[in-house]
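return atomic coordinates for the entry below.
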Amino acid sequence: MSTSHSRRESETFMFQKFSLSSRDTTFANFAIETPNIELYQDTIRFYLMLDFEIVKEAEHKEPLFELGCGKPIVKESYLELFSNFTNSSITARIVLIDTQPDALSPEITPKPLLTPIPELSITIFLSKIEALHESLQEKGIPHELHENSLENKIRLVTRDPMGNKVYVTPDRQKYSAPFSDLLDTKIKKLEEPRSRNSVASFQKTSISNFDFRSPVKRIGILTSGGDSQGMNAAVRAVVRMAIFRGCEPFLIHEGYNGLIKGKDMISKASWEDVSGFLTTGGTVIGTARCTEFREYEGRQIAALNLIKTGISALVVIGGDGSLTGADNLRAEWPNHIADLLKKDLITKQMATDFSCLMIVGMVGSIDNDLATTDLTIGAVSALTRICEAVDALQCTASSHHRAFVVEVMGRSCGWLALSAAICTGADYVFIPEDPPNSSTWEKKLCTELKNRRDAGKKTSLVIVAEGAVDSELNPIKSEHIKDILTTRLNYDTRVTILGHVQRGGSPSFYDRYLGTVQGAEAIEAILKADASTPSLVIGILENKITAQPLKEAIKLTKQVANEIKNKNFSRALELRSTSFLNQLKSYKEVAAFHHADFGKVPENKRLNIAIIHVGAPAGGINLATRSAVRLCVNRGHTPMLVYNGFPGLMRGEISIADWMQVDGWTVDGGSKLGTNRDQPDLGMGSVAYQMQKHNINGLIIIGGFEAYTALISLYENRKSYPAFCIPMVLIPATVSNNVPGTEISLGSDTAINFITSACDNIKLSASSNRKRVFIIEVQGGRTGYLAVMGGLAGGASCIYIPEEKISLNTLINDINFLKNRYKIEWGQSQGRIALYNETSSKTYSLDVLARIYQGESESLFDARTSILGHLQQGGTPSPLDRIHGSGFAVEAINWIQEKCWESMISESNADQKVDGLRRGYLQKVYTNSKETAAVVGSISSDIKFSCVEHLINHTDFENRKSKNLWWLFTRDLIDILSGNNNQVGIHRSIHYEPSAVYLSKEDLESYYVNLGKISKLTSLE
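Prediction:
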């Protein structure tokens, strides 16, 4: 063992986050925590005896809180051992933990230890073990020699003063713990707990009773198959949640290729290794197609590498093929163990310790093709890329009056194509699940496009999924569609195949959110599992995170492709989801243009439906208006646009809309009708007069909390104003997402995407200055939704929301966390951000917060502020807001139509008494039923209607929000994943509660085969 420190400089050493390998040098390190000064000094002396040398010592006047740890460090020493023979270095960090609360600053309350301090297993290569044996004997340190007669080699085993196992072996290997059978001795568990009090008690420990099995669970993480945005967010969440839960995460590079190659392709991940992952597209740890893993022998090599590394659980992020491969490995595991044991590649102890492999999958796929989840990681980001491209194409198309055929990805799933068609206002779409008639589709396509041109459109847009087929399974290709439009309609037609650009770019908010929460739940699922637990896949169903049996999920997914192959297209649609089927149906009706009376309802059932915008602007309200108008026109109803909110209605600013008037409203932000916060109470009589004058039979209000209170006012004044006795519905549209009766409001997704993008850019500025913290103010009213979701997706270190009281202790804890981080990162500091809701505190305003941050920073960092303001309300609507806007509008028209028809005057009810009057004396549509004043919203991913009378009891009117804040479960994740969970005992504690709903095979069959509901999901509403 050499102590010489001469070494060659590595010419190919790379930053650890992206590569953990070097051509000629290997680096390893470990840390040991000691509870008192005696053990701290004894541990240092022990490793000095092993020829380690002290390279750095530090004593902290104020306790240092390690990221993700929560234990106060008051003293630390770094010891290094370098070997010229192996050209490798190992560093030991010995730290003294202050366990006396009185020793801390009175403002700091240490976080209790979440898990016991795990034992370390340290292996050192030494050619002359006999010399070390003699040295240990002289110092009276207990140890054992173990001779393997077959190999004629001697190995030495001892413990350091903290009871960590130290192995000395003549074999040239990495610093990893060997297993007991390699020592050719019978191993038993300790009969008595080991002492950590003194060196004297350490010397009495019986070494022959060592337990070589590590109590720490090691979890491997790999990404496989096609890359998708959000994979990195998932990897980050898995790594940091594993560390938070006391596990050891290992990154497996290049997917299953890395698992088979092993060695430096499998590396232990630290907290810092996944810094910056949130904003990065693709997958940093790499992915590759692996033909070897498809063979039994290849999977056996992978099993061996997992066992060698000590990994007993595997998190796989990929598509259905990748997840199937992982489940196959799990199913074959007993056979692999038996084969490896028979070949003497593993020991009996290894076979016992690794008798079971737990698999948890997350679906990373832009295709959104897993049947048992509403959305997959990467799908929304890919849709965003498509919308950006098509929105740009629309500009050049209108300049030349061209037709564009755009091909998108999706394989046998049409979600991307259908969603893109809704978001961009495409004229026609081809998807695998709903193929057109093989003999008539070409003619029908031409007719549909010509009808739109006759109505005044100057462009045509056709979107085709790459796997589109006709009813006879003949492929429908973009070039063929172009030829049809060129030859039959004489359109100047261009083809755009978006290709892999759909996989690129920074992930959208939703994919960061999905990857993060599913990654956290993947760790919880592993820790909850036992040998009988099947392989699981983490998904999202009805807006709830789920853990499902992987095998059944893959089976249902493959069944979709089989149904298409068997031409059972209706069943394929059913397996997709109810929402997919509803979106397809509504898209077809909204996109169509009908001549004359084709498709229109009977004359006596036609209605006048008014649409009004109320409150602040929000992304998606124009598209919702467009869908409502077009649906009305196609059915024969009269859409009436009310300009400038309720003041405009009082003045009679109402016009009848036509089909073409709203053609370009899909991409427009703001409010085309004009909007304000004024309530109808300002002139209730004028509102009633105008509604009666224009014979309005149904009213759609689009807006936020002001629109909600306006609807309540109209409903409560029905007795005084019969004009309000009509069906009235609110489409929630507000960036604050604070309207009761819905989990999602139009505009909130657009706002969070802007916040996320702003956080990315501001962090770049902060990082460039090395030690700068930006406090970013976001909107949201008295609801912290934007701050929480923006903080989760933007990687905030701290957030401040109205739901949590800000105190001086809160700020002290957050500032101390930041100070400790900048102390640790001295010279390599990162930029950091904190998100502040605009109404978080009357006392601690944004400027006050910044001054406190700056004043207490001890010059370790600078504090700056940034107010995003009304930028959050503007811009092009996000794809999800466009989809929700269209869905809400279509269902609102259907609801109004149904309620109006139920309440219309007829010969049979003309003489009936209603509210003391003969029905014939009242207006055409008259209803005072409480069910006819409602909010339409997304609840458990379904579009549902909730009457306002019921919602009043679930409303916090003082704080202008719903009492049900479903999103608060993600709050703790921000502190956990930022590492700000060590000093929060004063103002809040970290008790993350797993939120996943565990579904069984029977649950999935009930949902997808029998088309029923899952009680486990509905019972949570």
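
for the rest of this, base every contact and every neighbour count on C-alpha atoms.
Fine.

just the buried residues of stretch 42-62, please?
42-44, 46-47, 52-54 (16 or more other CA atoms under 10 Å).

out of the residues you listed, which sit inside strands?
53-54 (DSSP state E).

out of the buried residues of stretch 42-62, which one has the lowest pLDDT?
Among the buried residues of stretch 42-62, residue 52 has the lowest pLDDT, at 81.

how about it: what's its closest non-neighbour residue?
residue 81 (4.7 Å; CA to CA, 6 or more residues apart in numbering).

with distance to residue 849 as extra columns, can I get the buried residues of stretch 42-62 in a markdown table?
Below are those laid out as a markdown table (distance: CA to CA, whole Å):
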| residue | distance to residue 849 |
| --- | --- |
| 42 | 45 |
| 43 | 43 |
| 44 | 43 |
| 46 | 48 |
| 47 | 46 |
| 52 | 47 |
| 53 | 45 |
| 54 | 42 |
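
closest one of the buried residues of stretch 42-62 to residue 859?
residue 54 (29.6 Å; CA to CA).

ok, what's across the strand from that closest one?
residue 79 (DSSP bridges).

for it, what are its contacts?
Residues near residue 54 by CA atoms under 8 Å, 6 or more residues apart in numbering: 48, 77-80.

from those, which would you call buried?
77-80.

determine which two of these are furthest apart.
77 and 80 (10.1 Å).

can I assume residue 592 is in contact with residue 448?
Yes: if you go by CA atoms under 8 Å, residue 592 and residue 448 touch, sitting 7.1 Å apart.

need the overlap of contacts for those two.
When CA under 8 Å, 6+ apart defines a contact, the residues bordering residue 592 and residue 448 alike are residue 427.

about what we covered before: surely the residue nearest to residue 52 is in a strand?
Yes: per DSSP: H, G, I helix; E, B strand; the rest coil, residue 81 lies within a strand segment.

separation between it and residue 168?
Taking CA to CA, to the nearest Å as the measure, residue 81 falls 14 Å from residue 168.

what's the answer for residue 677, then?
Residue 677 sits 75 Å away from residue 168, going by CA to CA.

please apply the same query to residue 707.
74 Å.

between those two, who's got more neighbours?
residue 707 (30 against 21; other CA atoms under 10 Å).

in contact with the residue nearest to that one when sequence neighbours are not counted, which residues?
Excluding its sequence neighbours, the residue lying closest to residue 707 (CA to CA, 6+ apart) is residue 614, at 5.3 Å. When contacts are counted by CA under 8 Å, 6+ apart, residue 614 is found next to 645-646, 675-678, 701-704, 706-707.

and if you look at residue 534?
Per CA under 8 Å, 6+ apart, neighbours of residue 534: 358-359, 549-550.

tell me the buried residues within the residues you listed.
Buried among the contacts of residue 534 (16+ other CA under 10 Å): 358-359, 549-550.

now, which of those lie within helices?
residue 550 (DSSP state H).

how many other residues sit next to the residue lying closest to residue 472 once chain neighbours are set aside?
Nearest residue to residue 472, sequence neighbours excluded (CA to CA, 6+ apart): residue 438, at 6.1 Å. Look at residue 438: counted by other CA under 10 Å, it has 14 neighbours.

now do residue 500
Neighbours of residue 500 using other CA under 10 Å come to 10.

where do the helices sit along the stretch 401-550 of the chain?
415-424, 441-454, 478-488, 509-528, 550-565 (DSSP state H, counting those that start in this stretch).

right, I mislabeled it, should have said the stretch 751-900 of the chain
Using DSSP H, counting those that start in this stretch, helices in the stretch 751-900 of the chain cover 785-794, 808-824, 846-855, 879-902.

please identify the deepest-packed of those helices.
Most buried of these, by mean neighbour count (mean count of other CA atoms under 10 Å): helix 785-794, with a mean of 28.

with just CA atoms, put that one into CSV.
Extracted as CSV, the C-alpha positions of helix 785-794 are listed here (Å, rounded to 0.1, in the frame of the first residue of the first chain):
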residue,chain,number,x,y,z
TYR,A,785,-51.4,26.6,-7.0
LEU,A,786,-49.1,28.5,-9.3
ALA,A,787,-46.3,28.8,-6.8
VAL,A,788,-46.4,25.1,-5.8
MET,A,789,-46.6,23.7,-9.3
GLY,A,790,-44.1,26.3,-10.7
GLY,A,791,-41.8,25.5,-7.8
LEU,A,792,-42.0,21.8,-8.4
ALA,A,793,-41.4,22.1,-12.2
GLY,A,794,-38.9,25.0,-11.9
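
and for that helix, what are the contacting residues?
278-279, 509, 512-513, 735-737, 748, 751-753, 755-757, 759-760, 778-780, 796-801, 834-837, 967-968, 970-971, 973-974.

please apply the same query to stretch 368-381.
In contact with stretch 368-381 (CA under 8 Å, 6+ apart) are residues 228-231, 320, 362-367, 410, 412-413, 415-416, 502-503, 506-508, 510-511, 514-515, 539-542, 553-554, 556-557, 560, 575-577, 879-880, 1004.

the same query, at a cut-off of 7 Å, please.
228-231, 363-367, 413, 415, 507-508, 510-511, 514-515, 539-541, 553, 556-557, 575-576 (CA atoms under 7 Å, 6 or more residues apart in numbering).

quick one: that stretch to chain centroid distance?
11 Å (CA atoms, centre = their mean, to the nearest Å).

quick one: end-to-end length of it, please.
By CA to CA, the extent of stretch 368-381 from end to end equals 11 Å.

next SSE after the lowest-mean-pLDDT helix or strand in the chain?
Every helix and strand in the chain was compared by mean pLDDT, DSSP states H and E; the lowest is helix 199-203, with a mean of 33. With elements assigned by DSSP states H and E, the helix or strand that comes after helix 199-203 is strand 218-223.

starting at the chain centroid, how far to the next helix or strand after that next one?
Using DSSP H and E, the helix or strand that follows strand 218-223 in sequence is helix 231-244. Distance, stretch centre to chain centre, for helix 231-244: 11 Å (CA atoms, centre = their mean).

just the mean pLDDT for helix 231-244, thanks.
Rounded mean pLDDT across helix 231-244 is 95.
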